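Asker: here is the input, now give the coordinates:
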Amino acid sequence: MHQDGGNAAGCALLAEKTARNNGAQDVRTLFSIDGGQTFIPFQGLSDQASDPMTLYVAVRIRGYWADGFMTFSTSAGATEQALDGMIAAAKAGAGADDLRPKNHSDHPLLGHSLGCGIGCALEEAPYLEGGGRLTAGDVVSLKVGDASTLASVIVHITDRGNDVLWRAGQ
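Answerer: Here you go, the predicted model:
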């Protein structure tokens with residue numbers, strides 16, 4: 001939708017509709033039209049487009065919450081490379097320091113957290129800040145961002161590394 005000149009409000013509405021059509025019990029969307037500096041809920045259709053455009057979606061299905069960020073832009077950024085590095089480092093025993101991208105400043109919205117587990121609440125163990133560590137069997141939402149973009153991936157931690165279950169933009 002972004003490639004066709006779509007706007008953030010329309011993308012948020014489409015994300016919610018798609019989730020509900022696929023059986024979601026609850027959906028929460030926020031979007032940013034100022035490079036991820038502020039996020040607002042859907043309040044009505046708007047023609048205001050932006051580049052980059054960032055969308056946050058949280059979906060509850062079968063009693064479990066999962067969430068993630070997606071940034072749509074006409075130019076690729078360092079955030080995708082940082083996300084690739086996080087995926088490569090996500091394995092049993094890895095902690096926040098192992099996952100934190102080198103030479104990459106955190107987006108203020110993320111604070112010092114790189115994500116958390118998928119579960120009955122939006123924030124579930126393991127908490128990927130401080131001393132939190134991944135163990136085989138964890139399903140986690142990893143989040144990374146810089147000054148203007150945010151991206152996420154949901155991975156299942158295995159004995160041999162991880163399996164990517166969902167990645168923003170894919």
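Asker: helix/strand/coil for the closest residue in space to residue 39 that isn't next to it in sequence?
Answerer: Sequence neighbours aside, residue 30 is the residue nearest to residue 39 in space, at 4.0 Å (criterion: CB to CB, 6 or more residues apart in numbering). In short, each C-beta sits where N, CA and C put it, glycine included. Under the three-state scheme (DSSP: H, G, I helix; E, B strand; the rest coil), residue 30 adopts strand.
Asker: also residue 98?
Answerer: Residue 98 - assigned by three-state DSSP - is helix.
Asker: now do residue 85
Answerer: Classified using three-state DSSP, residue 85 is helix.
Asker: list the contacts of the residue nearest to it when sequence neighbours are not counted.
Answerer: Nearest non-adjacent residue to residue 85, counting by CB to CB, 6+ apart: residue 101, 5.2 Å away. Neighbouring residues of residue 101 by CB atoms under 8 Å, 6 or more residues apart in numbering: 81-82, 85-86, 144.
Asker: most neighbours among those residues, which one?
Answerer: residue 144 (29 neighbours; other CB atoms under 10 Å).
Asker: pop out the phi and psi values for the residue lying closest to that residue once chain neighbours are set aside.
Answerer: Computed as CB to CB, 6+ apart, the closest residue to residue 144 that is not its neighbour in sequence is residue 82, at 4.7 Å. In terms of degrees, to the nearest 10, the main-chain angles of residue 82 are phi -60, psi -40.
Asker: gap between residue 82 and residue 65?
Answerer: In this view, residue 82 and residue 65 are 24 Å apart by CB to CB, to the nearest Å.
Asker: same check on residue 71?
Answerer: 21 Å.
Asker: quick one: which of those two has more around it?
Answerer: residue 71 (25 against 21).
Asker: for the more buried one, helix, strand, or coil?
Answerer: Residue 71 - assigned by three-state DSSP - is strand.
Asker: that one and residue 36 touch, don't they?
Answerer: Yes. In this structure, residue 71 is within contact of residue 36 by CB atoms under 8 Å, at 7.1 Å.
Asker: shared neighbours of those two, anything?
Answerer: Common neighbours of residue 71 and residue 36, using CB under 8 Å, 6+ apart, are 52, 54, 148-150.
Asker: most neighbours of all the residues you listed, which one?
Answerer: Neighbour max across these (other CB under 10 Å) = residue 54, 29 neighbours.
Asker: who touches the strand or helix carrying it?
Answerer: Secondary-structure assignment from DSSP states H and E places residue 54 in strand 53-61. Contacts to strand 53-61, defined as CB under 8 Å, 6+ apart, come from residues 2, 7-8, 11-12, 15-16, 19, 22-33, 35-36, 39, 65-73, 122, 149-150.
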